[in-house]
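>>> sharing a sequence plus its predicted fold:
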Amino acid sequence: MPPAAASITPKEALGILRRHILLIFVLTILGLTAGGGGWYLFKKYLPKYTAITYIEVLPPVEKDPMEITAPQVHKDILYGHRMSIVDLIKQQSTLQNLLESDVVRDTMWFERRDGDIRKAVKYLDKHFSAYAHRDAKFVEVSMTCRDAREAADIVNEMVRLFINTQRTTERKEVSDRLVEIEKRREGVEQELRLAEKGLEDVRERWGITDLAMPVGRNFQHTISLRLNNLVLEKDGLELAISQFSADISNLKDLATGPITVQIEYVVERDSVMVTLAQQLVFLEAQLSGALTKFGENHRVVLRTREQIDEIRKRRGLRKIKIANQTRRANLENARDGLHILQERFEHLEKLRQETEAKKEELDLARIQYEQRLKTRDERITMLDLIKEQVEKLKMVHDAPETPKVQAVGIAPIPLEMVFSRQWYLWFPGGTMLGFMFSIGLAFLVELTNDLVRTPSDVAKFLHIPLLGVIPDASEDSQVRRIELCHAVRLAPYSVISESYRRCRTNLKLSGTADSLKTLLVSSGMAGDGKTSVAVNLATTFVAADKKVLLIDANFRQPDLQRLFPKIQTDMLEDKLETENFDFGLSSVLMNQCSSKEAVRPGGIEGLDIIDCGPLPANPAELLGSTRMEELLDQQRKNYDHIIIDGPPVLLVSDAKVLARLVDTTILIFNAAATSRGAAQRTIREFKEVNAKIIGCVLFAARAMKGGYFHEQFKSYRKYEKKAKKARKAALAASRA
């Protein structure tokens, strides 16, 4: 079986609240009363006052006393500094110093601690607070105790002690730094004197007075200028030699290779080549005219062609001659130029080496001079910085803002108690707690109730069709003084009777006529209402012109014989009636009588009954015997419906045996007694024997506030009231 759904719909939740509205109201009032009483007791016997003051926290960086503007510090750094101040205020040593103050020891608060420092510190940990504001430059300091004046005195004493301690500590740090800086200044002055003496030694060693380079203008020594010029000239010669070497290599390749475009240009400018070209053009023009005039093989044409070939040959020889002469001339010229440049380069290299040696001596002297000059300048700068730092520290030491914390003002005596002692917290709080507790208790009562009370419980937890819901007798005033088993017959217009008729209709719609021939009505436990359902269901079938046989198969607690007593109308038949008075189902199954002898009229036209008969020793074996199956098959031909009032399945196994012989089984669950677990076990017991369960009937259902039954029963009473008036009017009209 799938697990039941655990969710509660809004409508169900509203119904729970409506059913327990009185409980919710009472507990809410109790919560309001408890809140007011608690407020009065705390106000009278345990008052609390909180005194608050503030400490201004300056930026953690040191401000230059020579400047007006303060340095900008990131807000996260400032907040971290304020948090460190809070930690210093709340550390154990600070609290112990506060407790050693005479102002604190004279308070009633300290006397209530019996002078125990450990208890006093523990109390301060809970009720003394220091809070750093994130966006403001203040630390909030507060103290909570019973007396308002003592709270203010303790807070003010803490601020005074803490600021004095910080001032003393920071000024001592400044004094220690001044002593260290004075020692450092003496050492720097000694190093400056040594640096001045080193400069004089360098000038005397090299004999050069202009070692210092002027500042602010471009200045070079004559040796440096001469060396630079030689280097530039050497670089130019190296570039020219490289160019000439490349040209010579190219000219060598051109002297033996094909004629280039440049040589071709020189050749074409030769006068002989120009004359031959003109002659060639003239002859080609003559050849074109001769071809047109004389044809291809004429002697004039042939002679002209020979002349053209001769001129072309002469041009080719002339071209080769001029090209060779030009390439040889270019190669020789390049070689001569390269030789001259190489001689000049050797002379410059010698001069450069001599000048470079002088430059190295000058550089060495300057390096030594610059090193000593740099050392002297560093010592002068350092000495100036030290003197400036000494003056700043003296100003910081004497400044009133030397501690990074400043008192904003004294804490005033609080006039009102803390928020937790205010009436507008206790009264609404007690009311809300009482209301919430009542809501939780209402839901707890509902959720711990595991009875199958409503159709939604059947759908959620049982997962079988619901054929009908039979209201509890207290919901219907028409059945209060009659036997519930005869509600349909004795109170036909009651809500219960209509519920049985609705159940009959749902049963007919759930299967065919053949599948509803034999019906077993059973339940999980005794007293669930199965006999009432069986009898009233049989009565509704009879009212629909059906012939019904009602069998009492509950051998251990038979009821049909009591509900339908035998009526003896003829005194002459007294002996015969007495003889078969105890015949019943057990008599038929044990072959003590025939089925015809066991059947008796039920006092209603169309309804016959078979009583259970004497209690046998083996009920389950008799009900599962072939004789029982034959009895049912035989009576199928005589009746439209056979309804068996069976025993409870969770107490005896008789019902499981019967369930295998009938067409279908109807389960009865008592809304006031059947738990969900018992209902699920009942269904499981029948499914183990493959019984066909057509559905269930919810018996003795009560109308609950916010539930479906409440509105349904109310509407039915209104409807029946109008119908009753209509019947009376019709009866009066018929009598008239």
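In hand now; what should we look at?

>>> right, and Gly584 touches Ile609 too?
No. Counting by Cβ atoms under 8 Å, Ile609 is not a contact partner of Gly584; they are 9.3 Å apart. (C-beta placed from N, C-alpha, C; glycine too.)

>>> need the overlap of contacts for the two.
Common neighbours of Gly584 and Ile609 (criterion: Cβ atoms under 8 Å, 6 or more residues apart in numbering): Asp552.

>>> the more surrounded of these two?
More crowded of Gly584 and Ile609, by other Cβ atoms under 10 Å: Gly584, with 29 against 25.

>>> leaving aside the residues next to it on the chain, what's closest to the more buried one?
Excluding the flanking residues, the one nearest Gly584 by Cβ to Cβ, 6 or more residues apart in numbering is Gly613, at 2.4 Å.

>>> surely the one you found is within a helix?
No. Counting by DSSP: H, G, I helix; E, B strand; the rest coil, Gly613 is not part of a helix but coil.

>>> any idea how many residues pack against it?
Residues near Gly613, counting by other Cβ under 10 Å, number 23.

>>> with the one 4 residues further on instead?
Neighbour count of Ala617, defined by other Cβ under 10 Å: 7.

>>> ramachandran coordinates for it?
Dihedral pair for Ala617: phi -80, psi -20, per degrees, to the nearest 10.

>>> any idea how far the residue lying closest to Leu563 once chain neighbours are set aside is from Leu589?
In this structure, Leu563 finds its nearest non-sequential neighbour in Cys485, 5.1 Å apart by Cβ to Cβ, 6+ apart. Using Cβ to Cβ, to the nearest Å, Cys485 is found at 25 Å from Leu589.

>>> just want to know which of the two has more residues nearby.
Legend: neighbour count by other Cβ under 10 Å for Cys485 and Leu589, higher for Leu589 (24 against 21).

>>> was I right about that one contacting Leu622?
Yes. Leu589 is within contact range of Leu622, at 4.3 Å (criterion: Cβ under 8 Å).

>>> tell me the residues that contact both of those two, please.
With Cβ under 8 Å, 6+ apart as the test, Leu589 and Leu622 both reach Pro616, Met628.

>>> please enumerate the strands of the stretch 51-200 of the chain.
Secondary structure of the stretch 51-200 of the chain (DSSP state E, counting those that start in this stretch): strands at 128-132, 138-145.

>>> centre of the chain to stretch 158-171, how far?
48 Å (Cα atoms, centre = their mean, to the nearest Å).

>>> can you start the count at 356 instead of 1 from here on
Fine by me, first position is 356 from now on; the one you just mentioned is stretch 513-526.

>>> which outside residues touch it?
Contacts for stretch 513-526 (Cβ under 8 Å, 6+ apart): 408, 410, 443-444, 449, 452-453, 456, 483, 496, 498, 752, 757-762, 766.

>>> buried set for it?
Neighbour counts over stretch 513-526 (16 or more other Cβ atoms under 10 Å) mark Met513, Val514, Leu516, Phe517, Ile518, Thr520, Gln521, Arg522, Glu525, Arg526 as buried.

>>> break this structure down into its domains, please.
Domain ranges of the chain: 375-533+757-775, 577-753, 804-1075, per automatic domain parsing.

>>> out of the ones you listed, flag the one nearest Val543.
Closest of the domains of the chain to Val543 is domain 577-753, at 4.9 Å (criterion: Cβ to Cβ).

>>> list the residues that contact the residue nearest to Leu918.
Thr886, Ser887, Val890, Asn891, Asp914, Leu918.
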